[in-house]
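Peer 1: requesting a structural model of the entry that follows:
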Amino acid sequence: MLEHLWAGWRSEYVAGADEANEGGCVFCRLLAAESDREACVVWRGQQCAAVLNAYPYASGHLLVMPVRHVSDLEQLSLEETAELWAGVTAAVVAVKAAYRPEGVNIGANMGRAAGAGIPAHFHVHVVPRWAGDTNFMTSVAEARVLPEALPVSYDKLTAAWPR
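Peer 2: This next block holds a predicted model:
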């Protein structure tokens, strides 16, 4: 039997994504911030970085992205591509060490129709997952319950990031 999961809490965020970008790309602003901790930038490479998702699916949800503002994977240079995937691998190592999940989702949505909330700046999601980690709050109350604050996630992931 095909089951349907409903994520009604995302509709308001996706609808407001363009407004959130009115001051320029939100990711570019985060990457230009003076404080990595305040911007939740967990890792910086030469051409890519990892930031905590401000609207996570689960605690520890990371976004790995090129620093350069590009919208599609094929726009990356070979060097950016290599560092991006090395960053995704490091993010998985950090998420596994910090959260001990039963699985990890890795994915990218290119374009609004594909589900990208911020389609103008390419990014890869790294999300820790556990069996049965969905709950009724999302579908009934249009709310997501997360067991820890972003600063706690930041501390866990920066401590667990491979050196």
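Peer 1: when you work out contacts or count neighbours from here on, use the C-alpha atoms and nothing else.
Peer 2: OK.
Peer 1: the residue most central in space within the chain: helix or strand, and which one exactly?
Peer 2: When CA atoms, centre = their mean is applied to the chain, the residue found nearest the centroid is Leu63 (2.9 Å). Counting by DSSP states H and E, the element that carries Leu63 is strand 62-66.
Peer 1: adjacent strands (with direction) for that strand?
Peer 2: strand 48-52 (antiparallel), strand 124-129 (antiparallel) (DSSP bridges).
Peer 1: let me know which of the ones you listed is the nearest to Gly24.
Peer 2: Closest approach to Gly24 among those (CA to CA): strand 48-52, 17.2 Å.
Peer 1: for that closest one, which outside residues touch it?
Peer 2: The contact list for strand 48-52, computed with CA atoms under 8 Å, 6 or more residues apart in numbering, reads 31, 39-44, 60-68, 80, 83-84, 87, 91, 150, 154.
Peer 1: gap between it and the chain center?
Peer 2: Per CA atoms, centre = their mean, to the nearest Å, the displacement of strand 48-52 from the mean C-alpha position of its chain is 8 Å.
Peer 1: buried residues in whichever helix in the chain runs longest?
Peer 2: Counting by DSSP state H, the longest helix found in the chain is helix 78-99. Within helix 78-99, the residues scored as buried using 16 or more other CA atoms under 10 Å are 80-81, 83-84, 87-92, 94-99.
Peer 1: okay, the strands paired with strand 62-66 in CSV with mean neighbour count, distance to Met110 and mean pLDDT next?
Peer 2: Putting the strands paired with strand 62-66 into CSV (neighbours: other CA atoms under 10 Å; distance: least, CA to CA, whole Å; pLDDT from 0 to 100) gives the following:
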stretch, mean neighbour count, distance to Met110, mean pLDDT
strand 48-52, 24, 17, 98
strand 124-129, 23, 10, 95
